[in-house]
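In: from the sequence below, what's the structure:
(chains A, B and C)
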Amino acid sequence: MSEMDNRPMLLEVDNLQTHFRTMDGVNRAVDGVSFHVRSGETLAIVGESGCGKSVTAMSILRLIPEPPGKIAGAIRFQGKDLLKASDREMRDIRGNEISMIFQEPMTSLNPVLTNGQQIGETLRLHQGMSAQQAEARAIEMLKLVGIPEPERRVREYPHQLSGGMRQRVMIAIALACNPKLLIADEPTTALDVTIQAQILDLMRDLKTSVGAAIVIITHDLGVVAEVAERVVVMYAGRKVEEARVGDLFRTPRHPYTQGLLGSVPKLGSSLTGETTRLAEIPGLVPSLKQRIPGCVFATRCPKVTELCRAVPPALQEKAPGHIAACHYAEVEGVAAA
Amino acid sequence: MSASALPPGLPPGVSIPPGLAIAKLPPDILSDVKPRRGIWGFLGRYPAIAIGGSLLFLMIFVAVFAPFLWTKDPTALAPALRTREPSAEFWFGSDMLGRDVYSRVLYGARVSLIVGFAVAFFASLIGLIIGLLSGFNRIADSIIMRVMDGMMSIPPILLAIALMALTRGSVQNVILAITVAEIPRVSRLVRGVVLSLREQPYVEAAVASGTRTWKIIFKHILPNTLAPLTVQATYICAAAMITEAILSFIGAGTPPIIPSWGNIMAEGRALWQVKPYIVFFPAVFLSITVLAVNLLGDGLRDAIDPRLAKRI
Amino acid sequence: MWAYIFRRVLATIPVMAIVALFVFSLLYLAPGDPAAVIAGDQASPEDVERIRASLGLDRPYLVRFGEWVFNILRGDLGTSIFTNLPVSHMIMQRVEPTLSLMVVTLVLSVTIAVPMGVVAAWKQGTHADRAVMAFAVLGFSVPVFVVGYVLAFVFALELDWLPVQGYTPLSEGLWPWFENLILPAIALGTVYIALIARITRATMLEVLSQDYIRTARAKGVGQRAILFLHALKNAAVPIVTVIGIGIALLIGGAVVTESVFAIPGLGRLTVDAILRRDYPVIQGVVLLFSFVYVLVNLVIDLLYTLFDPRIRY
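Out: From the prediction side, this is the model:
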């Protein structure tokens, strides 16, 4: 599998660090993470809660309050470093070129503004539409995301909608300006299983019609298998593995990914998602308030050695397009060591 | 990669295989701030408590030791020495009856502090009892809360004024009038705490297992009520000192023979355009004292409410 | 909706009844003999008896209460002991200055305090925030008459920008009326501004930490629209509630402010009545202010639905 992806580069995250100052020390929520997204590509970022994946997503749009947070590294969007952009430039990008969907549809919509106002706001901001134009377009968007009776719903308030419908409104807001990149932070986690499938279908459909690249943040490997082309696995604020989705499910290199996937042999044969539920990994995510000298996964790794505890493994290409940070990955992976 | 670039303290017996890919740890971008522990750390984190506490302590000192702080008899009349500007003899000047304003202001601290503390204490105590009763007895609650609603609809200063109009002016009656006006607020606070605590599983369990009510009150309810009640008491103390000054200022408070800050200002009122210092000094003392108590209350509230304290 | 309003209005009747009962009962609850206190130390026993009779203290409590309530419902608040004029008549003459002072103070305070609180929340932890919080704690600590004297001394006596004292009726022109109210309104408004700014800041901090504010930021909404459109509307209900509750501070403060600035309003009437121990007047003023206070808060309750579409009656 050596076919080159020659779609143009859209987003390059280079050595991203997002730290927070708290009462009891500096929390290194994201600590040196790099990845990229090409135009039209779907990248999934997976990991347990607290691994830094949501913070990574928020950092891209610079939604982290500074202070107490601080972001370092580089986030190049179409070649432009967003960390060096002015507030004005960032506002022009947010909701317009890069938009975001959040995990909690019940609380992510403003309760005192109508659905139409909230969709129309981005259009008026970024496309200079009038209130009437924005409302007309909001109705179209509601229709597009599959909300029945859009003419009525546009004047209603979010509390008059169900959770799944609200997430559709969120998607309508996010896609209203035809963004180049959509960041979806756990978009289906808070929803019922049947609704989850509908929302994922909707996102896939819209992706093809709008042509946006997607970064989907999730802890649900079923979602990953369903929508992603490439996967970044994060643990304790670091990237520990990255691969195309098939490669990752077939031959996970990092012990953490193997733990996430649970029983590895079954996975090569089935990508349906039923067997890809998160497996229990014993132990706790280490505190991010102390520097970990060795491998971040050493405290929970079944294959840990003294070397792992003392020396941090670098990310290394273990197979074409497949990188992992483990001293012993070659031994566990394909025989070509 | 050379071995010298490795993290120090490599345990013995661990050797690094040649060609091992070693990650470079990213630099720290934020410096660690370790909070100071102990009493100084606490006061540093809550400067309002430190400032308010020391100012209040100073005022208590002034009130207690007023006779020894180079004061004269605050009620001694000297008609020949009327309305003197502040000078070496009269530090804060003299009033229209020739009384030394400095001495009167220092003695005035006594009235304000006594009224403030007494009202805070009695209003909290009575409010606590009413609130507990209301929180534990549904029938009492419906009657008490209707009465409290009614009382709270009367602006507290007006209620105190009405009471003072019916009684002879004395410090005790001032305390009584302000206390009555403050009781509804404390009762509501305590009732609210009791009702929310009663929902707590451990209290419900205690009720279900037949623990006596007074035992539940002393073991579970009182300890949890004390913190918000203390904060409320400091605010009541501050409000009471202001109300006392207002009552005295409009002639419905402490009798004029007792020097209180409100009285001194009331007497200086007629002359304020020409002799502003008579009003000025008691005003400054009153403001500083009330400020001290309010700061203390704010500091205590921040220290007690962990939700707010989490924000740096 | 109308049914709800009707029920809410009905629900204020028992509150008002308790206010009336309480105000009336003070005469009986006060320690000592109110008739003797009101008559004063130089009064003869005949004077005391005359006052006792005019207060109705010589008749049974319930009979007297019934009469009193019946009279109030007819608009009769009793007769002044000192002037022998009907209390309702004395009050009517004094309403305009007090109402003017209150309305000007209310408008001024809300326009100043809400933006102050919003800025403090937005700039949390900065010098601007600390300045607002320092102002708030000072506003709670410096009594209204002290603020009044300082303002009058600086802006009227020293700088001579505004009149020192007095009141001009609105019928004599807008500016003369307003000019006389500026200093009293600021003095009276200080503690009110402190209260509103503080609750605005606290509520805004709470609202600004909500998910939908993050959504708005992610949409590229500018800071001002986030604060004043997305956040403030969500913070409106608690802020408006405190604006209503805080009117008690304005009523209490007006008594003193009117004395400092020699405004011939209800506060002045109250103070004069205290000095003369004219209890029926005090009773009437207390009752009137309490009813107004209850009504204002009722209206505010009914206004909630304007700010929050989730509240439905």
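In: tell me the SS of residue C:284?
Out: helix (DSSP: H, G, I helix; E, B strand; the rest coil).
In: quick one, what contacts it?
Out: C:77, C:78, C:87, C:88, C:90, C:91 (Cβ atoms under 8 Å, 6 or more residues apart in numbering or on different chains). C-beta: built from backbone N, CA, C; applies to glycine.
In: make it 7 Å
Out: By Cβ atoms under 7 Å, 6 or more residues apart in numbering or on different chains, the residues touching residue C:284 are C:77, C:78, C:87, C:88, C:91.
In: how much space between the fourth one and residue C:54?
Out: I take that to be residue C:88. Look at residue C:88 and residue C:54: by Cβ to Cβ, to the nearest Å, they are 16 Å apart.
In: and residue 174, what element?
Out: As the question left the chain open, I've gone with chain A. Here residue A:174 sits within helix A:163-175, counting by DSSP states H and E.
In: um, chain B though
Out: helix B:171-198.
In: same question for that helix, mean pLDDT?
Out: Averaged over helix B:171-198, pLDDT sits at 88.
In: what packs against the helix or strand following that helix?
Out: Later in the chain than helix B:171-198, the nearest helix or strand by DSSP H and E is helix B:201-208. On a contact count with 3 or more Cβ pairs under 7 Å, 6 or more residues apart in numbering or on different chains; DSSP states H and E, helix B:201-208 meets helix B:213-216.
In: where do the helices sit along chain A?
Out: Counting by DSSP state H, chain A has helices at residues A:53-60, A:87-93, A:115-127, A:131-144, A:150-153, A:163-175, A:193-210, A:221-227, A:245-250, A:255-261, A:264-269, A:306-310, A:329-332.
In: then the stretch 51-200 of chain C?
Out: C:61-73, C:87-122, C:127-141, C:144-151, C:174-208 (DSSP state H, counting those that start in this stretch).
In: could you say what helices and strands the last one packs with?
Out: To tie it back to what came earlier, the one meant is helix C:174-208. Helix C:174-208 packs on helix C:87-122, helix C:127-141, helix C:144-151, helix C:232-245, helix C:247-260, going by 3+ Cβ pairs under 7 Å, 6+ apart.
In: return the set of buried residues in the fourth one.
Out: The reference is to helix C:232-245. Buried residues in helix C:232-245, counted by 16 or more other Cβ atoms under 10 Å in any protein chain shown: C:232-245.
In: centre of the chain to it, how far?
Out: Its chain's C-alpha centre and that of helix C:232-245 lie 17 Å apart, by Cα atoms, centre = their mean, to the nearest Å.
In: could I get that helix in PDB with only the CA atoms?
Out: Output of helix C:232-245 as PDB, limited to C-alpha atoms (Å, rounded to 0.1, in the frame of the first residue of the first chain):
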ATOM      1  CA  LEU C 232     -26.000  39.000  28.700                       C
ATOM      2  CA  LYS C 233     -29.400  37.800  27.500                       C
ATOM      3  CA  ASN C 234     -28.800  34.500  29.300                       C
ATOM      4  CA  ALA C 235     -27.700  36.400  32.500                       C
ATOM      5  CA  ALA C 236     -30.700  38.700  32.400                       C
ATOM      6  CA  VAL C 237     -33.100  36.900  34.700                       C
ATOM      7  CA  PRO C 238     -30.800  36.900  37.800                       C
ATOM      8  CA  ILE C 239     -29.700  40.500  37.100                       C
ATOM      9  CA  VAL C 240     -33.300  41.800  36.700                       C
ATOM     10  CA  THR C 241     -34.300  39.900  39.900                       C
ATOM     11  CA  VAL C 242     -31.500  41.700  41.800                       C
ATOM     12  CA  ILE C 243     -32.500  45.000  40.300                       C
ATOM     13  CA  GLY C 244     -36.000  44.500  41.700                       C
ATOM     14  CA  ILE C 245     -34.800  43.300  45.100                       C
END
